[in-house]
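[1] Fold the following and give me the result.
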Amino acid sequence: MRFIVMAMATKESEAGPPPKPEAFAAMQEYNEELAKAGILLAAEGLAPTSKGARVKFSGDQRTVMDGPFAETKEVVAGFSIIQVNSLEDAIQLVKRTPNIFPNGEAVVEIRKLMDVEDFGEGFTPNAEIAKVKF
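    Numbers count the residues shown, from 1 in each chain. Presented below is the predicted three-dimensional model:
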C-alpha cells in the first residue's frame, strides 16, 4: 500500500525560512534510511503559499487566486510518499519522524493513495488518456 504523508503548514513554515541545518540533517538521515529500506518513494518540501496560486473551478469558469492563503492549518508544507503494508505501519513510521518544526508543534496527515484495485473489478484504465499531450 502506498500512503502520502503530509506535513501541514504552520505560521513559521509559511514565513519561509528553511529548517535549521541540524533539523535538515536529521530529516535527511531519516529519509535515507527509509529509501535504503525501499519504503520512501518520494519526499519534498513545498515553498510557502506566498509563492503559489490556487485555481477555483466553477462550471466553465476558472478563477486564479494568488498566495499567500489565510488558513495555514489547511495547507501542506511538505510530503512524502511511502510504501508499507498497512495504515498502522504508516502511523508507526510517522511517529519515528524527527520533529524539525521550529516550535516543536506540527500536524501530519496520512492518506492512502488510490491504486487501480481500489476502483473495483469493473475499472479498466483508458490507454488513450496516456497519449494526451498538453
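[2] for the least confident helix or strand in the chain by mean pLDDT, which positions count as buried?
    Taking mean pLDDT, DSSP states H and E as the measure, the helix or strand of the chain with the lowest value is helix 11-15, at a mean of 82. Taking 16 or more other CB atoms under 10 Å as the basis for neighbour counts, the residues of helix 11-15 that come out buried are 12-14. C-beta here means a position set from N, CA and C on the backbone, and glycine is covered the same way.
[3] quick check, nearest of those residues to I91?
    S13 (22.2 Å; CB to CB).
[4] Just grab the bridge partners of the residue nearest in space to the middle of the chain for me.
    Averaging the C-alpha coordinates of the chain gives a centre point, and the residue nearest to it by CA atoms, centre = their mean is F79 (2.6 Å). Listed by DSSP bridges, the beta-bridge partners for F79 are M6, E44.
[5] Distance check, it against I4.
    Here F79 is placed at a distance of 6 Å from I4 (CB to CB, to the nearest Å).
[6] now V64
    As defined by CB to CB, V64 lies at a distance of 25 Å from I4.
[7] ok, those two, which is more surrounded?
    Neighbours were counted for V64 and for I4 using other CB atoms under 10 Å; I4 has more, 17 against 8.
[8] From the contact counts, what lies against the longest helix seen in the chain?
    Among the segments of the chain that qualify as a helix by DSSP state H, the longest is helix 21-36. For helix 21-36, the elements it packs on are strand 40-45, judged by 3 or more CB pairs under 8 Å, 6 or more residues apart in numbering; DSSP states H and E.
[9] Run the angle between the strand it packs on and helix 21-36 for me.
    Between the direction of strand 40-45 and that of helix 21-36, the angle (axes from the mean of the first three to the mean of the last three CA atoms, to 10 degrees) works out to 160 degrees.
[10] Give the pairing partners of the helix or strand following strand 40-45; include direction for each.
    Sequence order places strand 53-58 as the next helix or strand after strand 40-45, per DSSP states H and E. Taking DSSP bridges as the criterion, strand 53-58 forms sheet pairs with strand 61-66 (antiparallel).
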